[in-house]
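# Coordinates only, no sequence provided:
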RNA sequence: GGCGCAUUCGUCUAGCGGCCCAGGACGCCGCCCUCUCAAGGCGGAGAUCAGGGGUUCGAAUCCCCUAUGCGCUACCA
């Protein structure tokens, strides 16, 4: 087993985290737990313009919902803090000064307008858009003038003009780019905040991160980071670039693709352990057949070597299947009830009295377990258990096999027999009704169908006798009485 | 445009030179079970392993080229 790793999840608080971000968090967390290392949460709030109020909360909430606990970071602190980059500005400033004194960087006074124009011109000429390095060669006098104009400069890195930069990525292997394809990227913005490149390299080093596990979209900027590590004299961590999660159009998954925020999955009634299981399988696999894993099993088996390299489309159908599977095979009836209850509170009509009868709800859950795929389906699937007066049309009750008179006669007989029996168990009920079917010369299909509508108001419901037992004698008699009246009164 | 990365059933994937005329899962279709709906069981269709060249006795697996897709190319991360 590999030694204890220090890994980090470093989101920026720009919105609700989507499944792609969270998959990255999950892989980092799994690796930390697998190796007995630390999982660090660092907030990359270096772009003042893009910070969204509440985003931090939804990040923390998402992680907590999944049970991805962090060893260092917001709320828990840690020996390498602060864990908000906006509180580490002095560190970046100091290191930038050091780079300045060793002539690795320079101040750039170019206006956004000039840069913009330059890029447009380059694009027009079909050239790669790159900073042209104008300020790299400023004389002392020109620098003074730049300062004198009151322009707040940015600090740019002096990318070597020649040579190549290589690094080894655990997933991709050796990667080499010519330095000439890189430009003098910005390290410190004019507002004094660092860019991702600077802050990341510094923090990962200072926080003693051993493995950088991040999405593949960062692969292209990694050579810049390697240049920085070298200039700073830092040893770079192990690089692990994770395959992207794609939308149905094979483009990088984004809000554009609809429900992608983890919070939405929670609200839609997915189980957190299902999200973990499913997300783990997006880009990672264990063997040729196993795909249902408990969190502990994932921690035990998770290995960097088994991370794939191709982007994966998020398959909602399979997620839904897995959610149903967990509910019927991995949850006890009692556990299921605990999960569904909040959705019932919220979704059942207001006329259903609260609080619900716990024993009754648990009986219902047993019948729901094989049928529910989303917790949010709870109210719709069980509503008829809670409503005294069912709403259904007479033709629904009659179906294809009965006319009013016949149905009324049958139901009256059932009513009479039902009020007589003591034992209201599934078995007794079934025995009784089957005997009746024979007695009346009815096919069980049509007879039970009639009763089903009378008791549930629906043509599709859980098994009839279990349903009757759960409802109990009193409710059943009330419902059958109503169905008879309905036929009688028209 | 430049640079980088990738390419196995519709989708997620297994496969790291012979066990593969390619295995599993979701979805789809059929049958069985059955009081409806589910669940479950069984079976089926579905991938000339992007295409073309090599290397090798032998390639999905190694090498080269092409095509396609994606990512990056900001004082965003």
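The structure has been received and is ready for your questions. Keep in mind it's a predicted model, so treat the numbers as computed, not measured. Numbers count the residues shown, from 1 in each chain, chains lettered A, B, ... in the order given.

# leaving aside the residues next to it on the chain, what's closest to residue A:379?
Nearest non-adjacent residue to residue A:379, counting by C-beta to C-beta, 6 or more residues apart in numbering: residue A:347, 3.2 Å away. Backbone N, C-alpha and C define where each C-beta goes, glycine included.

# Burial check on that neighbour, number of neighbours?
By other C-beta atoms under 10 Å, the residues close to residue A:347 number 16.

# Would you mind measuring from it to residue A:340?
10 Å (C-beta to C-beta, to the nearest Å).

# which residues do these two both contact?
The contact sets of residue A:347 and residue A:340 overlap at residue A:378 (C-beta atoms under 8 Å, 6 or more residues apart in numbering).

# picking that back up, who are the contact partners of the residue nearest to residue A:379?
A:376, A:378-380 are the contacts of residue A:347 under C-beta under 8 Å, 6+ apart.

# Distance to residue A:215, secondary structure and pLDDT for the residues you listed - can I get that in JSON lines?
JSON lines is the format used below for the contacts of residue A:347 (distance: C-beta to C-beta, whole Å; DSSP: H, G, I helix; E, B strand; the rest coil; pLDDT from 0 to 100):
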{"residue": "A:376", "distance to residue A:215": "29", "secondary structure": "helix", "pLDDT": "98"}
{"residue": "A:378", "distance to residue A:215": "35", "secondary structure": "helix", "pLDDT": "97"}
{"residue": "A:379", "distance to residue A:215": "37", "secondary structure": "helix", "pLDDT": "97"}
{"residue": "A:380", "distance to residue A:215": "37", "secondary structure": "helix", "pLDDT": "96"}
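
# Looking at those residues, which is nearest RNA strand B?
For the contacts of residue A:347, the closest approach to RNA strand B (C-beta to the nearest atom of the strand) belongs to residue A:380, at 12.0 Å.

# Next, find the distance separating the nearest residue to the closest one once chain neighbours are set aside from residue A:328.
Excluding the flanking residues, the one nearest residue A:380 by C-beta to C-beta, 6+ apart is residue A:347, at 7.5 Å. As judged by C-beta to C-beta, residue A:347 and residue A:328 stand 20 Å apart.

# With residue A:293 instead?
According to C-beta to C-beta, residue A:293 stands 17 Å off from residue A:328.

# Likewise for residue A:164?
Separation of residue A:164 from residue A:328 (C-beta to C-beta) stands at 56 Å.

# which residues sit in contact with the residue of the stretch 101-250 of chain A found nearest RNA strand B?
For the stretch 101-250 of chain A, the residue closest to RNA strand B is residue A:128, as judged by C-beta to the nearest atom of the strand, at 2.9 Å. Going by C-beta under 8 Å, 6+ apart, residue A:128 touches A:122, A:181.

# How is it assigned, secondary-structure-wise?
Here residue A:128 is recorded as coil under DSSP: H, G, I helix; E, B strand; the rest coil.

# quick one, phi/psi of it?
Backbone geometry at residue A:128, expressed as degrees, to the nearest 10, gives phi -60, psi 130.

# What pLDDT is listed against it?
pLDDT, residue A:128: 84.

# Residue A:149 now?
Confidence score, pLDDT, at residue A:149: 67.

# Wondering if the helix or strand encompassing residue A:474 reaches RNA strand B at all.
Take DSSP states H and E as the rule and residue A:474 turns out to sit in helix A:464-489. Yes: shown here: helix A:464-489 in contact with RNA strand B (C-beta under 7 Å from any atom of the strand) through A:464-466.

# and of those, the nearest to RNA strand B?
Using C-beta to the nearest atom of the strand, residue A:464 comes nearest to RNA strand B of the residues of helix A:464-489 next to RNA strand B, at 3.5 Å.

# if I pick residue A:470, what's in contact with it?
A:360, A:363-364, A:366-367, A:385.

# Just the buried residues of those residues.
Buried by 16 or more other C-beta atoms under 10 Å: A:363-364, A:367, A:385, out of those.

# any chance of these in a markdown table, with distance to residue A:261, secondary structure and pLDDT too?
Shown next, in a markdown table, are these (distance: C-beta to C-beta, whole Å; three-state DSSP; pLDDT from 0 to 100):
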| residue | distance to residue A:261 | secondary structure | pLDDT |
| --- | --- | --- | --- |
| A:363 | 35 | helix | 97 |
| A:364 | 31 | helix | 98 |
| A:367 | 32 | helix | 97 |
| A:385 | 32 | helix | 98 |
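
# Redo those as a markdown table? Include distance to residue A:239.
A markdown table is the format used below for the buried ones among the contacts of residue A:470 (distance: C-beta to C-beta, whole Å):
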| residue | distance to residue A:239 |
| --- | --- |
| A:363 | 55 |
| A:364 | 52 |
| A:367 | 52 |
| A:385 | 55 |
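
# restrict the residues you listed to contacts with RNA strand B.
Counting by C-beta under 7 Å from any atom of the strand, nothing from the buried ones among the contacts of residue A:470 sits close to RNA strand B.

# Up against RNA strand B, what does the stretch 251-400 of chain A have?
Counting by C-beta under 7 Å from any atom of the strand, the positions of the stretch 251-400 of chain A adjacent to RNA strand B are A:251-252, A:281-283, A:285, A:287-289, A:291, A:305-306, A:308-313, A:315, A:317-318, A:321, A:324-325, A:328, A:370-371.

# Whichever of these end up buried, select them in PyMOL.
Selection of the buried residues among those in PyMOL, burial being defined by 16+ other C-beta under 10 Å:
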select buried, chain A and resi 252+281+282+283+311+312+324
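
# Select from the residues of the stretch 251-400 of chain A next to RNA strand B every entry located in helices.
A:317-318, A:321, A:324-325, A:328 (DSSP state H).

# domain assignment for chain A?
If you go by automatic domain parsing, the domain ranges for chain A are A:6-85+A:245-313, A:88-242, A:332-384, A:394-489.

# looking at those, which is buried most?
domain A:6-85+A:245-313 (a mean of 18; mean count of other C-beta atoms under 10 Å).
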